[in-house]
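J.: predicted model follows, preceded by the sequence.
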Amino acid sequence: MLVVIASHHVLAQTPTPTASGTASDVAALRQQVETLTEVVKALQQQVKDQQTLLEKANIAGNQLPQSEGGPSVTSEPVPTPLPSASVPQAFPPTDSSAVANAPSASGTPAVNANGTATGQFPTTDESVVATPAGAISSTTGAPPTQTSTGSSLTQPITIAGGGKNYMNISFDGMFALAGSSARDLSHIEVGDHDPQQRGFNARNIELAFDGAVDPYFEGFANIVFKLDNDNETEVEVEEAFMQTTNLPFGLQLKGGQFFAAFGRLNPMHPHVWDFADDALVHGRLLGPDGLRGVGAQISWTLPTPWYSQLILASQNGRGGTGFSFRNPGDNGIFFGRETTDREVRGLQDFVWIPRWENSVDLSPTQVVLAGVSGAFGSNETGANARTQIYGGDLFYKWKSAHAEGGFPFVKWQTEAMYRRFQAGRGVDESFPVAETFHDWGLYSQVLWGFRKGWVAGLRGDYLHMQNSRFTDDEDRQSRSRISANLSWYPTEFSKLRLQYNHDFLESNSFLADREVDSVFLQFEFILGAHGAHKF
């Protein structure tokens, strides 16, 4: 087209040679052809330069707004067709991006996929058409608002940057209305997040954060608020840790405050429990708050055809969250002994927590997971008193091949624990004398998701606590429980649960036997994006 335009322009100014033309006329004509060739080359180079500038302007156009009536992105003049040239009819494009972004009328700027007028060449490059995630607006100074119709309520909230920089924020409120034949419900329930009184309870209100720190680490934090029986607010840092994301050889490191990987129930937060209260063996042997603390953990996923993982953690094991270990007790008394509340003297005073778990798919609809755990460390009842806890757990799940939203399904979970607790003589080596307790227990539960959103559950508990020959401790009472519940999940963000408990408390040398009936109505809601929990 440029050649035709230039030819018309030059030839229009040159008289056509006649048959009587002289040699000088031929030379002049040859000179004009050479001039025409140079003009065409210059025009071609100018077009190439202009296309390069337009491509650069197209990339920056979404972020650099033009001031009204201001100059163009480039100061390079655009070649103007010569007056004698006529614009030929262009071939219709087949590029969908060009068709979608073509101006609708003369003088109307092109529109990109975001609906923004660009006046530039169309493109299908998503990095050009769409604003990058987390990019700061040049007009408002704020991140863009995402209005994708395909977004989910559980989509991560982007705090800064794109790629792996994100953070989920969620708020979980869990409440319960409790009724019981026992006035001392706080002595019947063994978990710190269980309903503790007749009437309304707010024992687990959780603020959770999780996200990518950088390409090497991700972080998690769970801050829990709870109201005691006098409606006073208590705050605890339940978990706050970081862990690696891309170590070789199936390794992963974790550090901070976290739940120990002991069994099935201990690593789970209360709001994902299948029942409204803690299992007896878990609350009495690992503690009302579970076994958690500040420490470090290494895990190794073995190179086997099935899932197999070895885990080793070390924690301080101090305070109420190290219940069977370096726990000073209430007012310096634990299991009727005076506690020493000493500092760490060496590696033997940490709690060492190994675990080995394996999972096998029995069929496309069935999976089974089995694990063994241990926890070993010193306790505060004597200068050299120690505690050992052993555990085994089994989990089975069946889900229909035609499941809708995960329903129907059947889950069976059971867990057993044994604790050997060396109770020392106390700080002054006086009465009561040392003795060793052998305590054990288990629970087993079945969950049936019989239709979408509806789950029925049944759980049995048994706890054997060895009697002390020298002390009277209310926690050292053998007991059992049967629980049944019905849960309804209107959506993944809310839950209603009705549960019934019947407790059998056995007699010992200082406590009479009794039975207790309790009913709980639990209700829960979640705001924001809450990260998935481990299977």
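T.: Sure, I can see it.
J.: can you give me the buried ones in stretch 445-452?
T.: Of all the residues in stretch 445-452, those buried under the rule 16 or more other C-beta atoms under 10 Å are 445-449. All C-beta atoms are positioned from the backbone trio N, CA, C, and that covers glycine.
J.: so where's this structure uncertain?
T.: Low-confidence segments of the chain, defined by pLDDT under 70: 1-22, 56-165, 427-428, 532-535.
J.: looking at it, which helix is longest?
T.: When the chain is scanned for its longest helix (criterion: DSSP state H), the result is helix 23-60.
J.: now, the buried residues of stretch 445-452 that are in strands?
T.: Counting by DSSP state E, the part of the buried residues of stretch 445-452 found in strands is 445-449.
J.: any chance of JSON lines for these, columns distance to residue 186?
T.: Formatted as JSON lines, those follow (distance: C-beta to C-beta, whole Å):
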{"residue": "445", "distance to residue 186": "23"}
{"residue": "446", "distance to residue 186": "28"}
{"residue": "447", "distance to residue 186": "27"}
{"residue": "448", "distance to residue 186": "31"}
{"residue": "449", "distance to residue 186": "32"}
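J.: of those residues, closest to residue 409?
T.: Nearest to residue 409 among these, counting by C-beta to C-beta, is residue 449 at 4.4 Å.
J.: how near is that closest one to residue 492?
T.: For residue 449, the distance to residue 492 equals 13 Å [C-beta to C-beta, to the nearest Å].
J.: what's the neighbour count on the closest residue to residue 319 other than its chain neighbours?
T.: Nearest residue to residue 319, sequence neighbours excluded (C-beta to C-beta, 6 or more residues apart in numbering): residue 327, at 6.4 Å. Using other C-beta atoms under 10 Å, residue 327 has 22 neighbouring residues.
J.: thought residue 327 was touching residue 379?
T.: Yes - if you go by C-beta atoms under 8 Å, residue 327 and residue 379 touch, sitting 7.0 Å apart.
J.: who touches both of the two?
T.: residue 334 (C-beta atoms under 8 Å, 6 or more residues apart in numbering).
J.: show me where the stretch 251-400 of the chain has helices.
T.: 280-281 (DSSP state H, counting those that start in this stretch).
J.: and the strands in the stretch 101-250 of the chain?
T.: Listed in chain order, the strands of the stretch 101-250 of the chain (DSSP state E, counting those that start in this stretch) span 166-180, 199-212, 217-227, 233-244.
J.: note down every partner strand of the second one and its orientation.
T.: By that I understand strand 199-212. Applying DSSP bridges to the sheet, strand 199-212 is found paired with strand 166-180 (antiparallel), strand 217-227 (antiparallel).
J.: now the longest one: buried residues?
T.: Using 16+ other C-beta under 10 Å as the test for burial, strand 166-180 gives 166-170, 172, 174-176, 178, 180.
J.: of those residues, closest to residue 247?
T.: Once C-beta to C-beta is applied, the member of the buried residues of strand 166-180 that ends up nearest residue 247 is residue 166, at 20.9 Å.
J.: tell me the helix or strand right after the helix or strand where residue 458 lies.
T.: Using DSSP states H and E, residue 458 maps to strand 454-464. Next along the chain after strand 454-464, taking DSSP H and E as the criterion, comes strand 479-488.
J.: got a list of contacts for that following strand?
T.: Strand 479-488 has contacts (C-beta under 8 Å, 6+ apart) with 274-277, 280, 453-463, 495-506.
J.: quick one, which of the residues you listed are buried?
T.: 274-277, 280, 455, 457, 459, 461-463, 495, 497, 499, 501, 503, 505.
J.: could you dump the buried residues of strand 166-180 into JSON lines with distance to residue 354 added?
T.: Compiled in JSON lines, those are given as follows (distance: C-beta to C-beta, whole Å):
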{"residue": "166", "distance to residue 354": "33"}
{"residue": "167", "distance to residue 354": "32"}
{"residue": "168", "distance to residue 354": "30"}
{"residue": "169", "distance to residue 354": "34"}
{"residue": "170", "distance to residue 354": "32"}
{"residue": "172", "distance to residue 354": "31"}
{"residue": "174", "distance to residue 354": "32"}
{"residue": "175", "distance to residue 354": "37"}
{"residue": "176", "distance to residue 354": "35"}
{"residue": "178", "distance to residue 354": "37"}
{"residue": "180", "distance to residue 354": "39"}
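J.: show me which of those residues is closest to residue 287.
T.: Closest to residue 287, out of all of these and judged by C-beta to C-beta, is residue 174, at 19.7 Å.
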